[in-house]
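In: let's see this in three dimensions:
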Amino acid sequence: MKEQKVINVILSGGSGTRLWPLSRENKPKQFLQIFEGKSLYQHTLLRNKELVDEFMLITNEKQYIDAKKQADELAINIAAKIIEPIGRNTAPAIALAALSVEKDTILFVTPSDHMTADQLQYQDCVAKAIALAKNNSIATFGIKPTEAHTGYGYIEYEKEDVLKFWEKPSAKDAQLFLEKGNFYWNSGMFCFKASVFLEELEKYDPKMLNACKIAMPTIKNGLVGMNAMKKIPADSIDYAVLEKSQVIKTVPSKFYWTDLGSFDAIINYFERGNQVDNLQQISNEKGSNFAFSNKKIIAAGVENIIVVDTADCILLLPKGKSDLVKEVYNSIKDSNNKLI
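Out: You can find the predicted model right below:
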């Protein structure tokens, strides 16, 4: 019997606006080479290269150039690609991936812009997820919460069974989830047979699956035809499949995981002893400040400030409130799009 191929499907479509102005449209978060000289995308390739047989990249035309270049820097081959002319969220992207491989292929789906540590534990969890996938389950990776975080989705579980997916909660609900103890953060990583995912999609969103099937013959050199792509309904894998499916399992994942989705998250990662290039802590009599800059920053009389210094602008934020970046970004994207 032929061994089932395992493919790491890497999703790379986001623009990383919560890390503006470091992250820009022409160089989004996942391609910033600031983590020991490598990008989050490159770290994704490196931690998975011994665990899978091939890589498949799902991205857009703008990002493919950077993705190919950075994979080449590591001498890692991207065996297959699906380039979307317009985004339709994660469910259609994954459906197109599943339709492009043999039905028994195991797809290990990961974002391109997250970071993990504790590689041995990570490898063990991936092996467990692959075993579940071979047994016709859809495996998710549940991260034990360390705080009542409102920026992540949650998985309510009992042993390895998923009871319910919860969207990003209020602060009150997040605290309740933490106290109850049977809730994981949803890491956004999944593992399943291509055929199992397609069967579940046919069950819960046949219109989407049919539109994806119609789009397949339009793919030329990885690029999906625009007209066909426009006709695919947009939805996330969570809404389209996971929240409805009865074959979902979760792998308790004790490895360190972060989506590095804000400046505060990057600072927390840095404070764990990890290197972030050009990130410096500035201590004075008032307390600690942090600066993302290649210049020497000196502070006096201020505390808990984040400085983000780039070639064309400087952003100042209070530490602990880096979610304010979204408001700043939205306020300038129309009035000063050269900064975007």
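
In: now do the strands in the stretch 201-340 of the chain.
Out: Using DSSP state E, counting those that start in this stretch, the strands of the stretch 201-340 of the chain run over residues 248-253, 257-258, 279-284, 287-292, 305-309, 314-318.

In: swap in the stretch 1-150 of the chain?
Out: 6-11, 54-60, 80-84, 106-111, 115-116, 138-143.

In: now render the ones you listed as CSV, adding mean neighbour count and distance to K213.
Out: Heads up, the C-betas are built off the backbone N, CA and C, glycines and all. Listed next are the strands of the stretch 1-150 of the chain as CSV, based on neighbours: other Cβ atoms under 10 Å; distance: least, Cβ to Cβ, whole Å:
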stretch, mean neighbour count, distance to K213
strand 6-11, 24, 18
strand 54-60, 22, 17
strand 80-84, 20, 14
strand 106-111, 22, 17
strand 115-116, 20, 34
strand 138-143, 26, 20
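
In: any chance of the ones you listed in a markdown table, with distance to I232 too?
Out: Putting those into a markdown table (distance: least, Cβ to Cβ, whole Å) gives the following:
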| stretch | distance to I232 |
| --- | --- |
| strand 6-11 | 16 |
| strand 54-60 | 13 |
| strand 80-84 | 9 |
| strand 106-111 | 18 |
| strand 115-116 | 30 |
| strand 138-143 | 21 |
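
In: residue contacts, the closest residue to E54 other than its chain neighbours?
Out: Take E54 and drop its neighbours on the chain: the residue closest to it by Cβ to Cβ, 6 or more residues apart in numbering is A79, 4.1 Å away. By Cβ atoms under 8 Å, 6 or more residues apart in numbering, A79 lies in contact with 7, 54-56.

In: my read is that W166 contacts G153, right?
Out: Yes - counting by Cβ atoms under 8 Å, W166 does reach G153; the two are 6.3 Å apart.

In: need the pLDDT of G301.
Out: Looking at G301, its pLDDT is 83.

In: number of nearby residues for it?
Out: 7 (other Cβ atoms under 10 Å).

In: okay, it and N284: tell me how far apart.
Out: According to Cβ to Cβ, to the nearest Å, G301 and N284 sit 8 Å apart.

In: do E167 as well
Out: In terms of Cβ to Cβ, E167 sits 41 Å off from N284.

In: ok, back up a step: what's the closest of the strands of the stretch 201-340 of the chain to L11?
Out: Taking Cβ to Cβ, strand 257-258 is the member of the strands of the stretch 201-340 of the chain nearest to L11, at 15.9 Å.

In: partners of that closest one, with directions?
Out: strand 115-116 (antiparallel) (DSSP bridges).

In: for the partner strand, the averaged confidence score.
Out: For strand 115-116, mean pLDDT is 95.

In: in the chain, what helix or strand scores lowest on average pLDDT?
Out: Ranked by mean pLDDT, DSSP states H and E, the weakest helix or strand in the chain is strand 279-284, scoring a mean of 87.
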